[in-house]
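S.K.: Here is a sequence together with a model predicted from it:
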Amino acid sequence: MPRRRSPLVPPASLLLLAGLALAACSSDGVVDTDGRRLTRLEHLQLYCQTQPCECADAEAVLFAERDPIEPTWRVTGEPECPAGFVLEPASD
């Protein structure tokens with residue numbers, strides 16, 4: 001007589017797929033085409049080429065009202081902020 005599997009125990013292949021999906025989601029950075037990990041600034045510069053970004057005051061206190069400014073654009077296409085400001089995704 002064949003043994004019946006408990007309905008609460010998922011098959012091993014399902015556990016393997018779930019583990020691979022979790023591992024893919026937990027990667028700690030974006031890798032460039034040459035295999036080098038991008039810094040946070042490099043990642044934001046790429047992000048801001050297709051998404052709205054702003055330059056925020058680097059010295060602003062948390063929850064304080066601040067007036068962000070538009071980044072300037074280099075000839076190479078990367079956004080750039082003036083001294084004392086940091087590049088961030090726009091907070092619409």
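M.R.: Received the coordinates, thanks. Small disclaimer: the values here were computed from a predicted structure and weren't measured.
S.K.: Report how many residues lie close to residue 77.
M.R.: When neighbours are defined as other CB atoms under 10 Å, residue 77 has 10 of them. Glycine gets a C-beta too; all of them are placed from N, C-alpha and C.
S.K.: Counting neighbours, what do you get for residue 38?
M.R.: 14.
S.K.: Same question for residue 49.
M.R.: With other CB under 10 Å as criterion, residue 49 counts 12.
S.K.: Would you mind measuring from the closest residue to it other than its chain neighbours to residue 39?
M.R.: Nearest residue to residue 49, sequence neighbours excluded (CB to CB, 6 or more residues apart in numbering): residue 77, at 6.1 Å. With distances taken as CB to CB, to the nearest Å, residue 77 is found 17 Å from residue 39.
S.K.: for the helix or strand residue 87 falls within, packing partners?
M.R.: Here residue 87, judged by DSSP states H and E, is contained in strand 85-89. Applying 3 or more CB pairs under 8 Å, 6 or more residues apart in numbering; DSSP states H and E, one finds that strand 85-89 makes contact with helix 40-48, strand 53-57.
S.K.: Can you say which of those is packed in most?
M.R.: strand 53-57 (a mean of 19; mean count of other CB atoms under 10 Å).
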